[in-house]
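Trainee: model this:
(chains A, B, C and D)
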4 protein chains.
Amino acid sequence: MAVREDADQLVRSTDSQHPANLICELCRKFYTLGWVTGTGGGTSIRHNDHIFIAPSGVQKELMQPTDMFVMDYNNRQYLRKPTTLKPSACTPLFLAAFDRGAGCCIHTHSQWAVLVTLLVERDFGTKACFEIERIEQIKGIPKGRGKAGNLGYHDSLRIPIIENTAHEEDLTESLEKAMEAHPDTYAVLVRRHGIYVWGDSVQKAKTQCESLDYIFQLAVEMKRLGLP
Amino acid sequence: MAVREDADQLVRSTDSQHPANLICELCRKFYTLGWVTGTGGGTSIRHNDHIFIAPSGVQKELMQPTDMFVMDYNNRQYLRKPTTLKPSACTPLFLAAFDRGAGCCIHTHSQWAVLVTLLVERDFGTKACFEIERIEQIKGIPKGRGKAGNLGYHDSLRIPIIENTAHEEDLTESLEKAMEAHPDTYAVLVRRHGIYVWGDSVQKAKTQCESLDYIFQLAVEMKRLGLP
Amino acid sequence: MAVREDADQLVRSTDSQHPANLICELCRKFYTLGWVTGTGGGTSIRHNDHIFIAPSGVQKELMQPTDMFVMDYNNRQYLRKPTTLKPSACTPLFLAAFDRGAGCCIHTHSQWAVLVTLLVERDFGTKACFEIERIEQIKGIPKGRGKAGNLGYHDSLRIPIIENTAHEEDLTESLEKAMEAHPDTYAVLVRRHGIYVWGDSVQKAKTQCESLDYIFQLAVEMKRLGLP
Amino acid sequence: MAVREDADQLVRSTDSQHPANLICELCRKFYTLGWVTGTGGGTSIRHNDHIFIAPSGVQKELMQPTDMFVMDYNNRQYLRKPTTLKPSACTPLFLAAFDRGAGCCIHTHSQWAVLVTLLVERDFGTKACFEIERIEQIKGIPKGRGKAGNLGYHDSLRIPIIENTAHEEDLTESLEKAMEAHPDTYAVLVRRHGIYVWGDSVQKAKTQCESLDYIFQLAVEMKRLGLP
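Mentor: Reported below is the predicted structural model:
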């Protein structure tokens, strides 16, 4: 199948809710939150059979809709491939989330996420999940795929942690294993690296990512203050 | 009484001081302050007999005036109810503040507020208030309803803390009890959750909320540095 | 002398460098820096014989040029007094700075300033100044009134600290004493309150205020990390 | 050679990618990141044989293209010299980076950079480099001049630290020595002062500067939490 390198109609739209526009808007927001410092992190949206993916190695706050890669979800072929840009190494990880029903997947290098992976390792070893309960913001996270509603205040939030690898794409297998071992999770932490968060929709992925980051920051601050 | 779902004239105005516009502007500001991360927090304004309330479960920084719920203060019936949105679970708590004369009530998930509730519990037990004195910013908080002027530098600022519950609306009873036990307070902290702050006007609620957050942050930083 | 309450020509100008416009722009910036939280802090500019002063008790990030008070420097009478606003309690302190040649004076409630006053008190007692040396940013502070150039890297920066009082205007006497005892200083810290910083021009007052805040933050972070 | 003081055509362009426009945009961004507080820091771009340099002693977030100095790279003479501004004392340091192939050089007073120089000194002495490994963001830094690709997750990132001097220009010799001793580095830390970061292009210098700052912040936070 020929890749249409000039398939601009896939990413040009005056609708602010078009995936190519949304990814740019999200990444500008994530930049100010310190989640995509340098050229780190990435974002992908599935819209019907089209996967929109931010390119690798670019300044995320300056991205334009025409920088987007577009892939056919069914055959995993690129429908649009900007010639001067590199596709994201996160692509197989985003696809793993879409295969489990996600509509959007966000990858950040949030320092709070990195710090909790280090704190959990030190205190509970490399096999442990991040686990927290009795914090109101937990209610921002859904119970799990196919389950109605969000976690309650007395529920325990568990986020699996996988070990980092030399190459981003090599995380795919352990990410998928973590997804299978924790079928209710909407996020996987990567030690010394960051986090992958996904959701049924763009709004859900984004707000869940924010809620988790809030919880990680609070957990780090509690540790610092010697709070249990 | 029939709910007018299309009662758009209640929320459409070119006046930036219209409650529906003010709530959107405040929430954008609160988002950048980290107070309404995810879809957390909420804001409500009473204008004569109309209560304007931000909906539940939305991205607070993207809210539009047409997302607002409007309630009749006297009979507690909705005058406007956007069909695709859920009313805020904070509504009975906002009403409790309006019943005590407030013109605006703000609910945030500020991490500084959450951290002080944890520090107070650890150091003084679950019955204790947050209490601080001799910090200039205390002068940003009024003495109490019906009392002229603000607290002085040598006054003690006391904010009651209530325990969190599984459902937001179940906080109403303990919030009302705290309001009765502390008739001069303009705020109630909720353990592991956040804070409710109200004021005579929108400006007062907002600036009191800022002053309190400043004080909570300072109190946490002082603890960290081992300052008394 | 009659106060011209409608003396709008004193504050209306399309020139972005007009004092009434500059105060508004500065205060918006200071708000995002957390220096004028709530309605705290204040700013004043002397332009020839006119003193422009931000009002008391307003949201500093929303101020408009028409909110400004204007005073005649020579006879200390108001030339413009917005009827619905209160003059700033900082006015006599600003005047003390203008009497020593300042062109602009800034008062903030910066938490870093408050924290260093507490750290100095704990470690060196209530008589001690804040003192630091061998930090590059010290070079952002001038040597003193009538002296050419800025402090060098090997110079010691000393900022006097005065005790807070119940009423802002009662700080005037001790501020003036600190100015006399430290004739080279361009700033006075107020314990548990904040700081007054002035400079020959608006640009100098603003950049010196930023440099000092940077230095205070660094000093607090060094303390936290156990650095000398 | 005569300096053309009015050589405005060198800095006036409607192209947002023109060096004079880029420096202004970068400095506004750096201001919000706290890297160029007061009038600290600086930025320079080499474009063919022209060196564009931000002036000394100005508010970096307010700079205009017409504030730029322009130097001929070959003979080191100014082609444009704004009469009311002072050339940057960082100029010889920027030139040292350009002599090693850089297209852009950024100097910041980042507090995280300053803090790591102090932590390294305390823990390993004045001869030690900053060194870190196994943090994903290391992959944002190239392997070295003339080497293909970026550092890997298992590589060690080393940034030399030089001692501060009384005058910025006196850093040139030790900066050049550090560049020779560490031919692969794209940055040199200056104790108690900040950092110089350069890159092949504007984008690379900026994103490498962000990645390093992220890494320094993480290193400080890890120290605070007692993490190794």
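Trainee: Please make it C-alpha for all contacts and neighbour counts, starting now.
Mentor: Noted.
Trainee: all helices of chain A, in order?
Mentor: Along chain A, counting by DSSP state H, helices occupy A:19-32, A:91-99, A:111-124, A:172-181, A:202-224.
Trainee: out of those helices, which comes closest to chain B?
Mentor: helix A:202-224 (4.1 Å; CA to the nearest CA).
Trainee: quick check: angle from the closest one to helix B:111-124?
Mentor: With axes from the mean of the first three to the mean of the last three CA atoms, to 10 degrees defining the directions, helix A:202-224 sits at 30 degrees from helix B:111-124.
Trainee: which other helices and strands contact helix A:202-224?
Mentor: Using 3 or more CA pairs under 8 Å, 6 or more residues apart in numbering or on different chains; DSSP states H and E, the elements in contact with helix A:202-224 are strand A:104-108, helix A:111-124, strand A:194-199, helix B:111-124.
Trainee: what residues does that helix touch?
Mentor: A:45, A:103-106, A:110, A:112-113, A:115-116, A:135, A:137-138, A:140-141, A:197-199, A:228, B:37-39, B:59, B:111, B:115, B:224, D:224-225 (CA atoms under 8 Å, 6 or more residues apart in numbering or on different chains).
Trainee: now that helix: mean pLDDT?
Mentor: Taken as a whole, helix A:202-224 carries a mean pLDDT of 98.
Trainee: Residues of chain A that sit close to chain D?
Mentor: Within chain A, the positions lying close to chain D (CA under 8 Å from any CA of the partner chain) are A:37-40, A:59, A:109, A:111, A:115, A:118-119, A:122, A:165-167, A:192-193, A:223-224.
Trainee: Give me the domain ranges for chain A.
Mentor: A:1-88, A:111-228 (automatic domain parsing).
Trainee: Mean pLDDT lowest where, among those domains?
Mentor: Among the domains of chain A, domain A:1-88 has the lowest mean pLDDT, at a mean of 94.
Trainee: Check the offset of it from the chain's centre.
Mentor: 14 Å (CA atoms, centre = their mean, to the nearest Å).
Trainee: Name the residue closest to the centre of chain A, please.
Mentor: A:Ile106 (2.3 Å; CA atoms, centre = their mean).
Trainee: could you measure it against chain B, distance?
Mentor: 14 Å (CA to the nearest CA, to the nearest Å).
Trainee: List the beta-bridge partners for that residue.
Mentor: Beta-bridge partners of A:Ile106, counted by DSSP bridges, are A:Thr43, A:Val197.
Trainee: does it really touch A:Gly40, like I thought?
Mentor: No - counting by CA atoms under 8 Å, A:Ile106 does not reach A:Gly40; the two are 11.5 Å apart.
Trainee: Give me the neighbour count for whichever residue of chain A sits closest to chain C.
Mentor: The nearest approach of chain A to chain C comes at A:Arg224, 11.0 Å away (CA to the nearest CA). Residues within reach of A:Arg224, counting by other CA atoms under 10 Å in any protein chain shown, total 14.
Trainee: and if you look at A:Pro92?
Mentor: 17.
Trainee: Contact partners for the residue nearest to the centre of chain A?
Mentor: Counting by CA under 8 Å, 6+ apart, A:Ile106 touches A:41-44, A:196-198, A:205-206, A:209.
Trainee: for chain B, what are the nearby residues on chain A?
Mentor: Checking chain A against chain B by CA under 8 Å from any CA, the hits are A:134-137, A:140, A:152-154, A:203, A:206-211, A:214, A:218, A:222, A:224-225, A:227.
Trainee: Make a ChimeraX selection of the buried ones in the residues you listed.
Mentor: In ChimeraX, this line selects whichever of those come out buried by 16 or more other CA atoms under 10 Å in any protein chain shown:
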select /A:134,135,136,137,140,152,153,203,206,207,208,209,210,211,214,218,222,225
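Trainee: Most proximal residue of chain A with respect to chain D?
Mentor: Counting by CA to the nearest CA, chain A gets nearest to chain D through A:Gly38 (4.1 Å).
Trainee: My guess is that residue contacts A:Gln59. True?
Mentor: Yes - using CA under 8 Å, A:Gly38 is in contact with A:Gln59, at 6.5 Å.
Trainee: who's more crowded, the two?
Mentor: Shown here are A:Gly38 and A:Gln59; by other CA under 10 Å, A:Gly38 has more neighbours (28 against 20).
Trainee: Apart from its chain neighbours, what residue comes closest to the more buried one?
Mentor: D:Thr207 (4.1 Å; CA to CA, 6 or more residues apart in numbering or on different chains).
Trainee: residues contacting A:Asp155?
Mentor: So A:Asp155 contacts A:133-134 (CA under 8 Å, 6+ apart).
Trainee: how close does it sit to A:Ala113?
Mentor: Going from A:Asp155 to A:Ala113 by CA to CA, to the nearest Å gives 21 Å.
Trainee: Over to A:Arg76?
Mentor: 30 Å.
Trainee: Looking at those two, which is more packed in?
Mentor: A:Ala113 (26 against 14).
Trainee: Let me see the contact set for the residue nearest to that one when sequence neighbours are not counted.
Mentor: The shortest distance from A:Ala113 to any residue other than its chain neighbours is 5.5 Å, reached at A:Gly194 (CA to CA, 6+ apart). Residues in contact with A:Gly194, defined by CA under 8 Å, 6+ apart, are A:107-111, A:113-114.
Trainee: please redo it, this time with the cut-off set to 6 Å
Mentor: A:108-110, A:113-114 (CA atoms under 6 Å, 6 or more residues apart in numbering or on different chains).
Trainee: State the pair within those residues that is farthest apart.
Mentor: Across the contacts of A:Gly194, the longest distance by CA to CA is 9.8 Å; it joins A:Thr108 and A:Val114.
Trainee: how many neighbours does A:Met179 have?
Mentor: By other CA under 10 Å, 19 other residues sit near A:Met179.
Trainee: Name the nearest residue to it, sequence neighbours excluded.
Mentor: A:Thr185 (7.0 Å).
Trainee: Same check on A:Ala178?
Mentor: Residue nearest to A:Ala178 in three dimensions, not counting chain neighbours: A:Pro160, with 6.5 Å by CA to CA, 6+ apart.
Trainee: Verify the stated contact: that neighbour with A:Cys129.
Mentor: Yes - with contact defined as CA atoms under 6 Å, A:Pro160 counts as touching A:Cys129 (4.6 Å).
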